[in-house]
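[1] Next input, structure requested:
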Amino acid sequence: METAEAVASLLPKFCSAHPSLALTAALLHDAGKSDDYVMEQGQVNRLSDWGRLVSHKPTVAFWIGELHLSLRNRLSRAMLQSLLHAINATKAPPELGLRKPMTPEAILLSLADLASAKSDLFGRQSARDGG
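    So this is what the prediction gives:
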């Protein structure tokens, strides 16, 4: 939700972005993490075999593909492509073969997700430093 709220706050600055696509991508981008970890005694303590071998980004892409098929392809190819790009694009070294964010929705999601990660990092650091 935090990432979706950040995307919503940035949307006015990206007038060429498709709002519902950007918000959908923000809500779904980490949903696959639910299959990445094993809960034991009420706590997440390790990666599942799925998480270790597949990871959350392909999982979400798979779910979206399944949904697209079950809806009898009601999403246009362009909309499906944009959604998958937004969810999977990330800034990374070129040798990893990942795609950099190229659409307004992917850029929005990338910015919002980065802000969320940095906020979490600073929060943990502050708690560790006693502040």
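[2] Next, the contact list for the most centrally placed residue in the chain, please.
    Nearest to the mean C-alpha position of the chain, by Cα atoms, centre = their mean, lies H29 at 2.2 Å. Going by Cβ atoms under 8 Å, 6 or more residues apart in numbering, H29 touches T3, V60, A86, I87, L109, D113. Quick note: C-beta positions are derived from backbone N, CA and C, even for glycine.
[3] Going by neighbour count, which of those comes out on top?
    L109 (30 neighbours; other Cβ atoms under 10 Å).
[4] and of the contacts of H29, the nearest to L47?
    V60 (16.4 Å; Cβ to Cβ).
[5] how close does that closest one get to N88?
    In this view, V60 and N88 are 8 Å apart by Cβ to Cβ, to the nearest Å.
[6] likewise P101?
    For P101, the distance to N88 equals 10 Å [Cβ to Cβ].
[7] just W50 next, same as before
    17 Å.
[8] Over to H56?
    Taking Cβ to Cβ, one finds H56 at 10 Å from N88.
[9] The residue lying closest to T24 once chain neighbours are set aside - how many residues pack around it?
    Leaving aside its sequence neighbours, T24 sits nearest to L83 (Cβ to Cβ, 6 or more residues apart in numbering; 6.4 Å). Residues near L83, counting by other Cβ under 10 Å, number 24.
[10] again, but for C15
    7.
[11] ok, back up a step: show me the contacts for the residue nearest to T24.
    With contact taken as Cβ under 8 Å, 6+ apart, L83 is in contact with L21, T24, A25, L28, I64, L75, E105.
[12] Pull out the buried positions in the host helix or strand of it.
    Element membership for L83 (DSSP states H and E) is helix 77-88. Buried positions in helix 77-88, judged by neighbour count with 16 or more other Cβ atoms under 10 Å: L80, S82, L83, L84, H85, A86, I87, N88.
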